[in-house]
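*Asks:* Sequence first, predicted model second:
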Amino acid sequence: MNSHALDFAIHYAEPIEKDKMENFDARQLQSLCNDVEHYILCTQQYEKRVAWLPDYMKWVNRYLAHQVLDKLDVTLLEGESLRLLGVGSGEGAVEYQLLSHILTKHPSIHNTVVEPSQTQVDMYKDLIKAKAAELDGVKYDWHLQTLGEYQHHSEMSWDKTKFHFISALYCLYYEPDLDGALAYLYSRLEPGGILLVGMETENCDMIKIEKQFQFAQDEVNPLFCTEHVCTFFKKHNIPYVICNQPDDQRDFDITDCFDDTSDEGSLVLDFLSNVLHFRQSVPPAVLKEFRDYLKSLVTVRDGKVFLFYDSAYILGIKNKVPAVSNASCL
Ligand SMILES: C[S@@+](CC[C@H](N)C(=O)[O-])C[C@H]1O[C@@H](n2cnc3c(N)ncnc32)[C@H](O)[C@@H]1O
């Protein structure tokens, strides 16, 4: 297939003709979050297209984890473990990179994992088994819960454990109240600790698509990106550092999203639209509008089409001695 065959005139979609839209109510569309197993299939399909994933993982291990260790200001008592809290850890692939680096300085770690999907937790446990030698020194405490559920249970049981390092990577947009979630996580940090939040930036094509269509966005699926996190930290006078994703690691192939016969393309369409079985659920005119919008964003290379991906990591720091001026820090 070449770029001409795809007919990629860069233009924004025409408004949808009314008669083609009869009986279509976007509110009937189901969010991808309603089917965790299908969501995992979609993310796996996305990850297959991210050619730079192995280099990215190295970057997490060598650069990002180094930044965390550099900013972490903790003195452990003899025999005390470094306490970590992983929120929405997924299959643990990214956290494993962080953990294995942190272990080089803190050989004893207690890792509390809060992840609502049993499938993801099972995959995380498989990873730990496979990497047992490298992860020697880490003890785990599993919570099959959303962050909201974990917060509720902790409050009910008066569990006020503080953590030295909390990571919440690509998951806080599943909580209805981002500011509330950030405030809660920050409150669970030890002085000298770090809250690491990973999210897409507003330059990311996936965020642009979400902003344009806002499919299946209810109070459970609000639209958040890194800018919201920075605004929160600024507002509360919390010192933070941004680590941007490396420049050479940015795009992913969506060529088969334009092929009606492709099952894999259908999964990627679900991933991009945030809608369960998007291709099968929307009228042809909506599918066309969606694809036209994708065309307006893509770059074409070697007969394939790519969307731009961009995310950043924000390290919120809890100073041992809080700054007195400008108040807050919650
Ligand atoms: C995009 S994946 C990110 C996984 C992992 N953190 C990473 O960076 O690879 C999002 C994860 O958040 C989990 N999740 C969904 N809703 C959540 C919630 N309300 N609280 C915590 N985790 C949630 C999902 O089950 C999924 O494993």
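*Replies:* Okay, I see it.
*Asks:* Looking at strand pairing, list the partners for residue 253.
*Replies:* Per DSSP bridges, the residues bridged to residue 253 are residue 306.
*Asks:* what number of residues lie near it?
*Replies:* 18 (other Cβ atoms under 10 Å). (C-beta placed from N, C-alpha, C; glycine too.)
*Asks:* Please list all residues in contact with it.
*Replies:* Contacts for residue 253 (Cβ atoms under 8 Å, 6 or more residues apart in numbering) come out as 49, 51, 304-306.
*Asks:* So which bits of the longest strand anywhere in the chain are buried?
*Replies:* Scanning the chain for the strand with the most residues, using DSSP state E, yields strand 189-200. By 16 or more other Cβ atoms under 10 Å, the buried positions in strand 189-200 come out as 189-190, 192-200.
*Asks:* and if you look at stretch 88-102?
*Replies:* 88-92, 94-99, 101-102.
*Asks:* so what's residue 228 up against?
*Replies:* By Cβ under 8 Å, 6+ apart, the contact set of residue 228 is residue 178.
*Asks:* Over to residue 312?
*Replies:* Residue 312 neighbours (Cβ under 8 Å, 6+ apart): 198-199, 201, 226, 242-245.
*Asks:* what about burial for these, which qualify?
*Replies:* For those, a burial check counting by 16+ other Cβ under 10 Å picks out 198-199, 201, 226, 243, 245.
*Asks:* Pipe the residues you listed into TSV and attach pLDDT and distance to the ligand per row.
*Replies:* Listed next are the buried ones among the contacts of residue 312 as TSV, based on pLDDT from 0 to 100; distance: Cβ to the nearest ligand atom, whole Å:
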residue	pLDDT	distance to the ligand
198	96	6
199	94	10
201	93	15
226	94	14
243	95	14
245	86	12
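*Asks:* I'd like to know which of the residues you listed is nearest to residue 56.
*Replies:* residue 245 (7.4 Å; Cβ to Cβ).
*Asks:* Distance of the closest one relative to residue 106?
*Replies:* 26 Å (Cβ to Cβ, to the nearest Å).
*Asks:* Residue 247: how many residues sit nearby?
*Replies:* 7.
*Asks:* before we move on, what about residue 132?
*Replies:* Residue 132 sits with 10 neighbouring residues when counted by other Cβ under 10 Å.
*Asks:* can you tell me the helix or strand for residue 39?
*Replies:* Here residue 39 sits within helix 36-49, counting by DSSP states H and E.
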